[in-house]
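J.: quick one: sequence and predicted model below, then my questions.
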Amino acid sequence: KQEVTQIPAALSVPEGENLVLNCSFTDSAIYNLQWFRQDPGKGLTSLLLIQSSQREQTSGRLNASLDKSSGRSTLYIAASQPGDSATYLCAVPNAGGTSYGKLTFGQGTILTVHP
Amino acid sequence: EPEVTQTPSHQVTQMGQEVILRCVPISNHLYFYWYRQILGQKVEFLVSFYNNEISEKSEIFDDQFSVERPDGSNFTLKIRSTKLEDSAMYFCASAIGRGSANEKLFFGSGTQLSVL
């Protein structure tokens, strides 16, 4: 059974800092990994999707890397802003078969960026 | 930008009552999902739906749950006889298809279900 763990559980940083969020998963037979952002009481917004054949994916100030063999992914946020404050979730699908879209989520990292 | 819409945003019901949660997925998407998040816990997969049938369901999705796509736009989750432990935020999601970026999931803003 796939298990996803995110470290740290919470992070508080001053504005402008570069930061790294970590995600690990137990079953490395995945075909992609997604990072999501969740604002309080709101839905999930997909930030980045990395295919298993890719090592990283970038969108603006966000960069996500994937190391399938070690079961790890990192989300790098450059020059953090107060608007980045949210919970960041990592999710992987179960391998193969009809499990497309059946994602296993981590518990998230609660990020607070203060001015 | 197209988005997944869910109604209602909040639903309060008595234990044992039936509830229907509604979702309008993005119009050209073919794969539909329900997830839930109990307060303080991880987001959990409930069910996936494609080509008018369930593709996969989790252990949570027992006989009390059902899904339907009654027309070309709506996707519903019905809980026949709600229990206290069904209280959670329920998220609908959709994706274009399979392969590459097509599998990116788009989530709605959720329905907060409270069972009293």
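T.: Cool, the structure landed. All figures in this text were calculated on a predicted structure; none of them were measured in a lab.

J.: am I right that residue B:89 is in contact with residue B:40?
T.: No. Under the criterion of C-beta atoms under 8 Å, residue B:89 makes no contact with residue B:40, lying 11.1 Å away. Every C-beta, even on glycine, is put in place using the N, C-alpha and C of the backbone.

J.: so which residues on chain B come close to chain A?
T.: Chain B comes close to chain A at residues B:4, B:6, B:31, B:33, B:35, B:41-45, B:48, B:55-56, B:58, B:91, B:93, B:95, B:98, B:100-101, B:103-110, B:112, as judged by C-beta under 8 Å from any C-beta of the partner chain.

J.: please repeat the previous calculation with a cut-off of 7 Å.
T.: B:31, B:33, B:42-43, B:45, B:48, B:55-56, B:91, B:95, B:98, B:100-101, B:103-110 (C-beta under 7 Å from any C-beta of the partner chain).

J.: of residue B:89 and residue B:40, which one has the most company?
T.: residue B:89 (21 against 6; other C-beta atoms under 10 Å in any protein chain shown).

J.: for the more buried one, give its distance to residue A:71.
T.: 28 Å (C-beta to C-beta, to the nearest Å).

J.: same question for residue A:42.
T.: Residue A:42 sits 29 Å away from residue A:71 when distances are taken as C-beta to C-beta.

J.: between the two, point out the one with more neighbours.
T.: A direct count of neighbours by other C-beta under 10 Å for residue A:42 and residue A:71 places residue A:71 higher, at 19 against 15.

J.: residue ranges with poor pLDDT in the chain?
T.: By default, I'm working from chain A. Judged against pLDDT under 70, the low-scoring parts of chain A cover residues A:95-100.

J.: please go with chain B instead
T.: B:99-101.

J.: ok, the closest residue to residue A:39 other than its chain neighbours - contacts?
T.: Of all residues beyond its chain neighbours, the one nearest residue A:39 is residue A:86 (5.1 Å), with distances taken as C-beta to C-beta, 6 or more residues apart in numbering or on different chains. For residue A:86, the contacting residues are A:37, A:38, A:39, A:111, by C-beta atoms under 7 Å, 6 or more residues apart in numbering or on different chains.

J.: wait, residue A:17 touches residue A:81, no?
T.: No. At 10.1 Å, residue A:17 and residue A:81 do not qualify as touching, with contact defined as C-beta atoms under 7 Å.

J.: in strands only, show me the residues of chain B next to chain A.
T.: B:31, B:33, B:43, B:45, B:48, B:55, B:56, B:91, B:95, B:106, B:107 (DSSP state E).

J.: nearest to residue A:48 among those?
T.: Of all these, residue A:48 sits closest to residue B:106, with 13.8 Å by C-beta to C-beta.

J.: tell me how many other residues crowd that closest one.
T.: Applying other C-beta under 10 Å, I find that residue B:106 has 21 neighbouring residues.

J.: my read: it touches residue B:96, true?
T.: No. Applying C-beta under 7 Å as the test, residue B:106 and residue B:96 come out as separate, 9.0 Å apart.

J.: which residues of chain A lie near chain B?
T.: A:32, A:34, A:42-44, A:46, A:49, A:51, A:89, A:98-103, A:105-107.

J.: in ChimeraX, select just the buried ones from these.
T.: Selection of buried members from those for ChimeraX, criterion 16 or more other C-beta atoms under 10 Å in any protein chain shown:
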select /A:32,34,43,44,46,49,51,89,99,100,101,102,103,105,106,107
